[in-house]
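In: Turn this into a structure:
(chains A and B)
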Protein chains: 2
Amino acid sequence: MRQSIEILERTPVVLQNLLEGLSTEWTLSNEGGESWSAYDVIGHLIHGDKTDWLARAELMLSEDVEKKFQPFDRFAQFENSKGKTLKQLLDEFKEIRNANIIRLGAMNISEQDLGKKGVHPTFGEVTLSQLLSTWVVHDLDHISQIARVMAKQYKKEVGPWVEFLKILKQ
Amino acid sequence: MRQSIEILERTPVVLQNLLEGLSTEWTLSNEGGESWSAYDVIGHLIHGDKTDWLARAELMLSEDVEKKFQPFDRFAQFENSKGKTLKQLLDEFKEIRNANIIRLGAMNISEQDLGKKGVHPTFGEVTLSQLLSTWVVHDLDHISQIARVMAKQYKKEVGPWVEFLKILKQ
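Out: Numbering: from 1, shown residues only, chains lettered A, B, ... in the order given. I've put the predicted structure just below:
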């Protein structure tokens, strides 16, 4: 728990330092096609923090007999982020994440609670421990993705060095 | 140039926010075998800033007829980082990078200079523009790598979600 919170609580600041004040060439460009820009990713993280991670954790700890998770909408950000600047999204993410860290602490999750179960729409039974670990890895996955999306904007510019830069081949 | 500096100047702060104060389980673990931990990567970035990027740029702008790059030692950090804490390395990286940004500014690189050439030990002729772009992508590559190395520490913990987390499959 402690090690997970170490990551979860710093993600908004990492993303703010990585993105705030950058030219839109870095933040609004994607990897082509239907892929996401850094701006899209921040909206996705906000939606997860608003509707998904803690709602699922609370369901797992509740007395509800069903414990079936709501499916997560991976495309909600395209509607929700409309008209907002990247700075607004970064601030919104920081606010909801900080509130969620406090909420998570107040849940007083015990060692025993971590084994409690819920039903994922795709995987079936999962534990609270798996959910919280996935929240952490999901943050790191999107930090890594944002760095990759930005790197790809220079794919041609690096010339022959493309050979040595693994990030450009992913 | 301006867009490249936007990234180069923020990398030390991003890494500091991502790593400072984390448990060593996050910062000293690697992806297995000879792979690098976050700690190793910071040492590698310091060595590049100390010996490689600007030395090559200056050679390309010089009157030197040969303009052959020194090969870069990708393993120097294993010696140079010995006995240092991660915090010391993060501070050292911030210091050398800030100094390098100032040095880069003082070089007053013109549009024409960006086409100047040097000879890479593997690729042969490369331009200054390609070198500077590679410096930027190299930063982003290692930010992405650090997020991935940390994510992999939870590969088992996420249970069935491993299916949805691309970062765990790289």
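In: In chain A, which helix is the longest?
Out: helix A:128-152 (DSSP state H).
In: Give me the contact status of that one with chain B.
Out: Yes - Helix A:128-152 comes into contact with chain B (CB under 8 Å from any CB of the partner chain), by way of A:129-130, A:133-134, A:136-138, A:140-141, A:143-145, A:147-148, A:150-151. The C-beta positions use only the backbone N, C-alpha and C, and glycine is treated the same way.
In: And for stretch A:81-93?
Out: No - interface with chain B: stretch A:81-93 contributes nothing (CB under 8 Å from any CB), its closest point being 13.0 Å away.
In: Which positions within that stretch qualify as buried?
Out: A:81, A:84, A:86, A:89-90, A:92-93 (16 or more other CB atoms under 10 Å in any protein chain shown).
In: got a list of contacts for the helix or strand bottoming out on mean pLDDT in chain A?
Out: Counting by mean pLDDT, DSSP states H and E, chain A has its least confident helix or strand at helix A:77-80, which shows a mean of 90. Outside helix A:77-80, the residues that touch it by CB atoms under 8 Å, 6 or more residues apart in numbering or on different chains are A:40, A:42-44, A:46-47.
In: quick one: the strands in chain A?
Out: Ranges of strands in chain A, per DSSP state E, are A:117-120, A:124-127.
In: Quick check: mean pLDDT of the first one?
Out: In this case it means strand A:117-120. If you average the pLDDT over strand A:117-120, you get 96.
In: Run the chain-centre distance for it.
Out: 20 Å (CA atoms, centre = their mean, to the nearest Å).
In: Alpha carbons of that strand, as CSV, please.
Out: The C-alpha coordinates for strand A:117-120 follow below in CSV (Å, rounded to 0.1, in the frame of the first residue of the first chain):
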residue,chain,number,x,y,z
LYS,A,117,-12.9,-9.5,-4.6
GLY,A,118,-14.8,-7.8,-7.4
VAL,A,119,-16.0,-8.9,-10.8
HIS,A,120,-14.3,-7.4,-13.8
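In: and it, what does it pack onto?
Out: Contacts defined by 3 or more CB pairs under 8 Å, 6 or more residues apart in numbering or on different chains; DSSP states H and E place strand A:117-120 against helix A:53-61, strand A:124-127, helix A:128-152.
In: got the buried residues for it?
Out: A:118, A:120.
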